[in-house]
Structure formats: structure tokens, C-alpha cells
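> Provided below are the primary sequence and the corresponding predicted coordinates.
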Amino acid sequence: MGPVACLKSVVPQVHTHRSLHAEDISSVAVLPGAKNVVLPKGDVYKSLQLLEVSKQILIENDRGGYTIPAKGLYPYQWNWDSALVALGWATLDEGRAWQELEKLFSAQWEDGLVPHIVFHQPSPTYFPGPEIWGSVEQPMGSTGITQPPVAAITVRKLYETALNKEVALQKLKELFPKLLAWHRWFQSARDPENTGLVATLHPWESGMDNSPAWDEALYNVPVDQIPPYVRKDLGHVDSAMRPKQEEYDRYLTLLYRFRAVNYDCNQLYFLSPFRVTDLCTNSVLYRANLDLRWLANELGQDQIAEEVDGWIEKARSAFDSLYDEEAGLYKSKDQLTGELVTAKTSAGFLPLFARVASASQAADLAATLERWLNRVKHGIPSYDPESSNFEPLRYWRGPVWVIINWMITDGLRAYGYEDLALRVEADTYELLVSHGINEYYDPVTGAAAGGKLFSWTAAMCLAWLSKGDGAHPAAAH
Ligand SMILES: O=C(O)[C@@H](CO)O[C@H]1O[C@H](CO)[C@@H](O)[C@H](O)[C@H]1O
């Protein structure tokens, strides 16, 4: 149990559709229907407020079975957001957590793809919406690309921690074939050359859209004659925090090229002028495959467990080609030039979350991380703070993301770096207590930035920081 966990397992029922008051603390109850919640150390009142606010954010962003990331800025269901948000819902209402995933998989394509955005209901506040994507696969409309596949990790977590085991088994049985189809899609559509690592064909697929890791590959994409467009993100968030216009032009160019072939997964890999081996996607997929194999074993599906094992084995040796020994960090790769990217980003630590790093690589990563942390007030910066073009406020080019902190902390623990894990955990907690629940944070000042009242940050507060024990312990083993 982490340092931010001190009050012993709590305690039933305080109803929280009102603000919490000091007197609530004596009855330390938090969330109706919540499982045992262990509250953070320090100012208990603040901790309670944080949990209360987190819960309210999920409720406010609930659109009936799925949760939008943030009002206005992101009004639809996003893929990896939902899988992470389900972890938060699980602390409040297990049924609602399963529903989040069911809703996401209701948009799965015939070929197995689970889209990066599902457009359940129209909204005028986001661009590019369903009319631009123009995919016809699902009645509700969706994008034709994917995102890091967190869902199997969530399913295992929900299943293992479920109070209602009967329902959990039923849900697992229903979701398992869908997860498997998606993971098979990754193998066939995104690794048709059987390299062991999957390709990412659009910065939006990586989840770290304008990471400096994509600069070289993205600027090699020629901008096509695309229809004029108006960005809506800039109406919600300061342009200094968002991708630049020349990047958006390329995002749109890729979108229109993919749309021209109806997002046919057999063609995209070969025709995309942007094709990278993204560390985030591959690390999440590796970890998700460990969990999928575990779930297959749980269901007695031996042959499927063997199939997944084959993917894991292939990926394990291929991962070494992404390790930059001199940098003490993993790096993404531009598949079209065959070069590792130059940028050092926080995705470079995610092989810890995957459990694919060796002990000595893990030691290097821990040392690199410590160096980064010593350069900023709040970790973990998304980009090397020693780099000359580090931008503490611009999207994925410096700011801190709480979901990434969770993943890296989970990995540090698995490799025995408990002190470092505790440092990141306590720091993240402090960040949220002092600056609220936003999309991301400035690592230099701690200032909250991006979208406000953000779902996955709230979910991490409920599922991780309030418990201080990271993700399920022995996923890899
Ligand atoms: O910037 C955008 O318009 C979208 C495009 O998908 O991407 C951002 O927001 C999503 C919703 O929170 C996250 O899933 C991504 O990780 C994040 O980069």
C-alpha cells in the first residue's frame, strides 16, 4: 500500500450529491456503493473533496452508458479514455463500469477495429466530427482508426476485483471474443509483415497526438489539397496549448487519404505516408496481451492463450530494437525511414508498464526518470525537460498526464522501484489537490491546463490515488 494511503478501508455511505463538510470526516464515508476506499494521507478534508469532485465529474460527463472526456472540447466517446474511465466507475458502480466497455465495443467494426472515437450523438463542438470521417461501418458513426488498446487491461482488473463475481464472469464471457477480435486485428492490420510490433498510422491513434516523437515522420507527410476547415479545439483551449496548424493540415490529409479507401485495413498500412512504431501503443498492447492471455486461461481457452502467447513472444524480442542504450530510454521508430526517432518522451518509460523491459533496462529507465523528475516541480513530463524545445504547456510536448503517471508508477512497482513509484504517486496527488482535475498540468509550475473537469484524471483519482496501490499487482506473471 502506498504512502498516500493511510485511513483504513472505509466505510459505507455518505450521500454526496451535496458538497462534503468537515463533519463528514468523522464518518469517513465517501461514495455511495463504493468499495473500500483508502484515503490519502495529509489533509483529509481535501482528500474527501478530491474524491467527491472526481465522482461528480464522472456523473456530469456520463452520457448514458458512456462518458465523454470533457464537456465541449471532447463531446463523444473516446476509446482509451473510456477504458481508463471504467476503472474509476468500478469504484462507484461495477455495473456502470462494464457498461462503459460494452458501449465502446458496440461500435466495433466487422474487421475487429475498435474506433478511436464513437459518435453516439451529434455535437457541434468538435472537429472533425462524423460528417468529416464519413465512415459507414456503424450506424452511430465512428472514426476509422484506433487508439492504444487499454480495454483488456481494464477487463482483467474489473473481473479480478469484482464484488459481483457472477455478473463479472458473464460480462467477461461476452467481452472476451470482442477483445480477441480487436487484438487479432492489430496483428493482421497493423503488423502484416509479421515484425512483432504494430504500426500506428495517424498521430491520433497514438493518443499522444503531437508528441515531438512524430515531428520528423509527420513533416514528411505532404499536405494535400484538403477542403477548408475550421478548428473547434481553439474555441475551448488556448492555441498555445494545442497542436499547430501545419500539424492539423497533416492530420486532415491523412484522414482524407484513409477515407478515400473506406478505411480498408488491408490497404491503410501500405498506403499511409505516416507509419510509426509507437511505444505507447505497443507497450499498452503488450500488457493488454498479457492480460488477454490471463483471461483466456481463466476461461479455459487454451488454444487462444497459446495464440496470444505467440504474439507476446514475438513482441518481446522485437522490443529490444526500440531500446536506446545511450539515452537510457526506449524510443519510437519511423517505419518509413527505419530510424528510431530522436525525441525522448514519457512513452519511453512505458515498457515498464508492459513488463517487457529487462532488469538492467528497467534500472536505466529508473535513473533517467529520476533525472527528469529532478528537473521539474511536478512529474512526469511528457517530453524530456532537458531538451531545448521542451514546452511545458503545449499538448504532449512537455505537460504531465495523470494516466501516464499511473502506468509508469505501476511499472516501477512491478520492477521493485517502490520509492520512485511513491514519489510519483505522492507528487501526482499533490498536483491534483492543489490544481484540480484537469486534462494535463504544467510540470514546471503545476498549473492545470487543457480541458477542465476531465474524466480520465477523475477516474485515476478514484481508482489509483485514493487507493495508493496502483494497478493489479502481478499482471505479467
Ligand atoms: O486532441 C484531440 O482532439 C484528441 C484527438 O483524438 O486527442 C486528445 O484527446 C483525447 C480525448 O481525451 C485523448 O484520447 C487523446 O489522447 C488526446 O491526445
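The structure has been received and is ready for your questions.

> who in the chain is up against the ligand?
Residues of the chain found near the ligand (Cβ under 6 Å from any ligand atom) are 69, 74, 78, 80, 81, 116, 204, 207, 209, 233. Using the backbone N, CA and C atoms, a C-beta is placed for each residue, glycine as well.

> If you rank these by neighbours, which is first?
Neighbour count (other Cβ atoms under 10 Å) singles out residue 81 as the most crowded of the residues of the chain next to the ligand, with 29 neighbours.

> coming back round to it: and the residues of the chain next to the ligand, which two are the farthest apart?
Maximum pairwise distance in the residues of the chain next to the ligand, criterion Cβ to Cβ, is 18.3 Å, between 80 and 233.

> about what we covered before: output the residues of the chain next to the ligand in CSV; the columns should cover secondary structure and distance to residue 142.
Below are those laid out as CSV (DSSP: H, G, I helix; E, B strand; the rest coil; distance: Cβ to Cβ, whole Å):
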residue, secondary structure, distance to residue 142
69, coil, 16
74, strand, 15
78, strand, 11
80, helix, 14
81, helix, 14
116, coil, 8
204, helix, 13
207, coil, 16
209, coil, 18
233, helix, 19
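
> As JSON lines, the residues you listed with pLDDT would be great.
Shown next, in JSON lines, are the residues of the chain next to the ligand (pLDDT from 0 to 100):
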{"residue": "69", "pLDDT": "98"}
{"residue": "74", "pLDDT": "96"}
{"residue": "78", "pLDDT": "98"}
{"residue": "80", "pLDDT": "98"}
{"residue": "81", "pLDDT": "98"}
{"residue": "116", "pLDDT": "98"}
{"residue": "204", "pLDDT": "98"}
{"residue": "207", "pLDDT": "98"}
{"residue": "209", "pLDDT": "95"}
{"residue": "233", "pLDDT": "88"}
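
> Just want to check the distance between residue 378 and the ligand.
19 Å (Cβ to the nearest ligand atom, to the nearest Å).

> Assess the claim that residue 192 and residue 269 are in contact.
Yes: with contacts counted by Cβ atoms under 8 Å, residue 192 reaches residue 269, the gap being 5.6 Å.

> Let me see the residues that make contact with the helix or strand containing residue 307.
Here residue 307 sits within helix 302-319, counting by DSSP states H and E. With contacts defined as Cβ atoms under 8 Å, 6 or more residues apart in numbering, helix 302-319 is touched by 180, 183, 187, 194-197, 282, 285-286, 289-290, 292-293, 296-297, 330, 351, 354, 356-357.

> 6 Å instead, please
195, 196, 197, 286, 289, 292, 293, 296, 297, 356 (Cβ atoms under 6 Å, 6 or more residues apart in numbering).

> quick one: strands adjacent to the helix or strand following it?
Following helix 302-319 in sequence order, the next helix or strand is strand 323-324 (DSSP H and E). Strand 323-324 has the following strand partners under DSSP bridges: strand 329-330 (antiparallel).

> Over the helix or strand following the partner strand, what's the mean pLDDT, rounded is fine.
Note on strand 329-330: by DSSP H and E, the next helix or strand toward the C-terminus is strand 333-334. What strand 333-334 shows for mean pLDDT is 98.

> okay but residue 349 is in contact with residue 408, surely?
Yes: Residue 349 lies in contact with residue 408 (Cβ atoms under 6 Å); the separation is 4.8 Å.

> Report the central residue of the protein.
residue 80 (5.0 Å; Cα atoms, centre = their mean).

> Just to check, it is in contact with residue 147?
Yes: the criterion here is Cβ under 6 Å, and residue 80 meets it with residue 147 at 4.5 Å.

> Find residues that contact each of these two.
residue 207.

> got a list of what the residue in the stretch 51-200 of the chain that the ligand sits nearest to touches?
Residue of the stretch 51-200 of the chain nearest the ligand, by Cβ to the nearest ligand atom: residue 69 (3.6 Å). Residue 69 makes contact with 78, 81, 455, according to Cβ under 6 Å, 6+ apart.

> Neighbours of the last one, how many?
To tie it back to what came earlier, the one meant is residue 455. So residue 455, with other Cβ under 10 Å, has 29 neighbours.

> Just the buried residues of the one helix or strand residue 57 maps to, please?
Assessed by DSSP H and E, residue 57 sits inside helix 44-61. Within helix 44-61, the residues that count as buried by 16 or more other Cβ atoms under 10 Å are 44, 47-48, 50-58, 61.

> circling back: list the contacts of the residue nearest to the centre of the chain.
Contact analysis of residue 80 by Cβ under 6 Å, 6+ apart lists 147, 148, 150, 207.

> what's the closest residue to the third one other than its chain neighbours in contact with, if anything?
It stands for residue 150. Using Cβ to Cβ, 6 or more residues apart in numbering and skipping residues adjacent in sequence, the residue nearest residue 150 is residue 83, 3.7 Å away. Listed by Cβ under 6 Å, 6+ apart, the contact set of residue 83 reads 150, 151, 154.

> Please settle this for me: is residue 83 part of a helix?
Yes: assignment of residue 83 by DSSP: H, G, I helix; E, B strand; the rest coil places it within a helix.

> For residue 155, see how far away it is.
Residue 83 is 9 Å from residue 155, where distance means Cβ to Cβ, to the nearest Å.

> that older thread, let me know the closest of the residues of the chain next to the ligand to residue 364.
residue 207 (24.5 Å).

> for stretch 361-372, the distance to its chain's centre please.
A distance of 21 Å separates the centroid of the chain from that of stretch 361-372, by Cα atoms, centre = their mean, to the nearest Å.

> if I pick the closest residue to residue 115 other than its chain neighbours, what's in contact with it?
The spatially closest residue to residue 115, leaving aside those adjacent along the chain, is residue 142, at 3.7 Å (Cβ to Cβ, 6+ apart). Residue 142 is in contact with 107, 115, 118, 135, counting by Cβ under 6 Å, 6+ apart.

> beta partners of residue 142?
residue 118.

> Tell me the spacing between it and residue 77.
Counting by Cβ to Cβ - residue 142 and residue 77 are separated by 9 Å.

> again with residue 254
For residue 254, the distance to residue 77 - Cβ to Cβ - is 22 Å.

> Counting neighbours, go ahead and name the busier of these two.
The neighbour count for residue 254 versus residue 77, taken as other Cβ under 10 Å, is higher for residue 77 (28 against 23).

> residues contacting the more buried one?
By Cβ under 6 Å, 6+ apart, the contact set of residue 77 is 66, 118, 120.

> Please state the backbone phi and psi of it?
phi -90, psi 120 (degrees, to the nearest 10).

> re earlier: among the contacts of residue 80, which one has the most neighbours?
Most surrounded of those: other Cβ under 10 Å gives residue 148, at 28 neighbours.

> Pretty sure that one sits against residue 206.
No: assessed by Cβ under 6 Å, residue 148 is found out of contact with residue 206, at 7.4 Å.

> which residues are common contacts for the two?
Here residue 148 and residue 206 have residue 280 as joint contacts, going by Cβ under 6 Å, 6+ apart.

> what's the pLDDT at residue 470?
On the pLDDT scale, residue 470 gets 41.

> got CSV for the contacts of residue 83, with secondary structure and pLDDT too?
Listed next are the contacts of residue 83 as CSV, based on DSSP: H, G, I helix; E, B strand; the rest coil; pLDDT from 0 to 100:
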residue, secondary structure, pLDDT
150, coil, 98
151, helix, 98
154, helix, 98
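
> can you tell me which two in the contacts of residue 80 are farthest apart?
Across the contacts of residue 80 (Cβ to Cβ), the longest gap, 9.2 Å, separates 150 and 207.
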